[in-house]
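Participant: no sequence for this one, just the structure:
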DNA sequence: GTCTATAGGGGGATAGAC
DNA sequence: GTCTATCCCCCTATAGAC
């Protein structure tokens, strides 16, 4: 029987237990509001072990941050670089995989975006994000579609902002949206599932309208 | 000559100077990462005065937070409750006023959204957000438009998510977007100005497509 | 009202036993 | 490798002079 991903994994190595605990707590509270004691408790180990394995809170955080961004960017880069899919299929794939991912880990987007604000340089330099996106098959196909008049919105950056924003924003704003719309957890999730179907339709309509 | 809004206002009352400084620092770094010393320095006063006027960091924060949310919600509520404007005009007005507002204070959205995550209850209860939005003229007009078949997307919540997301998300993600798209500050601002025109067009296309 | 000085506590990190 | 005990700095908050 395969191990549960999120459950406690008592058999995992201590180092790995600390990392999983750190991921959980950092994602939920952010760097500044997280206490190393919280991580130790979540991991079921002693505080001293955290420093034994990772030297400092800052180093542990950096590791978690890089892994988190990497997961996000790779999911995107893989979808955008598939030679075999059309533009529309790429949109569908990005939408579905991100909505599923974020529904499992709802803290991810707000964590990433707010921590990147505090470390604008340090963390992004180490990953080849720009090349992965700007040099992608997606960008070539987008350019071709514009040239052939299939879509009229000429800026791939606007396209990306819209796509990612339509996916992520509801999750980022969910506490406020739940309050405004009087939504329970399950109502909210149902709306997000609807969006898997709706966003690709909307994106197509938008790109022909501008 | 009217005073500059953002400039130092040496003539402002001490209490007001502290509040302005607190707004600046809290918005930029969030509650947990802000030190009261930072606020005192920004205000050009002594640390003890902060506690003299506001008793504690937490109380000062709550005041700033409520005012900030209030500004945001009121701008929205006013636009959505205008009896004289059409649905499309409301969209244009929300888009323009928010993009202008956020361009002046780019930290606003990420501040609000990430701090609300940490205080999901406390802060939203005190403002009549739900009524202002859900009982608005906008909602009545949206319902009428659906009934008359002018738009085909039946959920006003999805509509709102899309509208606010298309406006705010680029600002929230700007550090990453600037890096990916190799954009300078002025390039980014130009894209946001373009969006004042584009978002209403996109929204209209989306609402007829689903 | 505004300052200086300091109390008081919390949190990151380490020493040292096992 | 893992623990307990502790150091020490930093930050919030207050006491008390002016």
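Facilitator: On my side now, so go ahead. Computed from a predicted model, the values in this text were never measured in an experiment.
Participant: quick one: what helix or strand has the residue nearest the centre of chain A in it?
Facilitator: In chain A, the residue lying closest to the centroid (C-alpha atoms, centre = their mean) is residue A:72, at 4.4 Å. Element membership for residue A:72, per DSSP states H and E: helix A:57-80.
Participant: That helix and DNA strand C, any residue contact?
Facilitator: Yes - looking at helix A:57-80 against DNA strand C by C-beta under 7 Å from any atom of the strand, the contacts come from A:57, A:58. Where you see a C-beta, it was placed from the backbone N, CA and C, and this is true even at glycine.
Participant: which other helices and strands contact whichever helix or strand comes after that helix?
Facilitator: Using DSSP H and E, the helix or strand that follows helix A:57-80 towards the C-terminus is helix A:87-104. The contact analysis (3 or more C-beta pairs under 8 Å, 6 or more residues apart in numbering or on different chains; DSSP states H and E) places helix A:87-104 against helix A:57-80, helix A:108-118, helix A:137-147, helix A:156-172, helix A:185-209.
Participant: Go again with 7 Å.
Facilitator: Packing contacts for helix A:87-104, counted by 3 or more C-beta pairs under 7 Å, 6 or more residues apart in numbering or on different chains; DSSP states H and E, involve helix A:57-80, helix A:137-147, helix A:156-172, helix A:185-209.
Participant: Now do that helix against helix A:137-147, angle only.
Facilitator: 140 degrees (axes from the mean of the first three to the mean of the last three C-alpha atoms, to 10 degrees).
Participant: What's the mean pLDDT across helix A:87-104?
Facilitator: Averaged over helix A:87-104, pLDDT sits at 97.
Participant: Can you name the residues in contact with it?
Facilitator: A:75-76, A:79-80, A:82, A:85, A:108-109, A:138, A:141-142, A:145, A:163, A:167-168, A:171, A:189, A:192, A:195-196, A:199-200, A:203-204 (C-beta atoms under 7 Å, 6 or more residues apart in numbering or on different chains).
Participant: List the buried residues of it.
Facilitator: A:87, A:90-99, A:101-102 (16 or more other C-beta atoms under 10 Å in any protein chain shown).
Participant: re earlier: need the contact list for the residue nearest to the centre of chain A.
Facilitator: Neighbours of residue A:72 in contact, by C-beta under 7 Å, 6+ apart: residue A:112.
Participant: from the contacts of helix A:87-104, which would you call buried?
Facilitator: A:76, A:79-80, A:85, A:108-109, A:138, A:141-142, A:145, A:163, A:167-168, A:171, A:192, A:195-196, A:199-200, A:203-204.
Participant: Show me which parts of stretch A:171-182 are buried, residue by residue.
Facilitator: Buried, per 16+ other C-beta under 10 Å, within stretch A:171-182: A:171, A:172, A:173, A:174, A:175, A:176, A:177, A:178, A:179, A:180, A:181.
Participant: mind listing what residue A:27 touches?
Facilitator: Counted by C-beta under 7 Å, 6+ apart, residue A:27 has contacts A:105, A:107, A:108, A:111.
Participant: got the residues you listed as CSV, with distance to chain B columns?
Facilitator: Shown next, in CSV, are the contacts of residue A:27 (distance: C-beta to the nearest C-beta, whole Å):
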residue, distance to chain B
A:105, 14
A:107, 8
A:108, 12
A:111, 9
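Participant: out of these, which are buried?
Facilitator: Among those, the ones that count as buried (16+ other C-beta under 10 Å) are A:105, A:107, A:108, A:111.
Participant: Have a look at chain A and report the helix or strand with the lowest mean pLDDT.
Facilitator: helix A:129-134 (a mean of 84; mean pLDDT, DSSP states H and E).
Participant: need the residues of chain A near DNA strand D, please.
Facilitator: Looking at DNA strand D, the residues of chain A close enough under C-beta under 7 Å from any atom of the strand are A:14, A:45, A:46, A:47, A:48, A:49, A:52.
Participant: if I read this right, residue A:17 contacts residue A:42, doesn't it?
Facilitator: No - using C-beta atoms under 7 Å, residue A:17 makes no contact with residue A:42, being 9.1 Å away.
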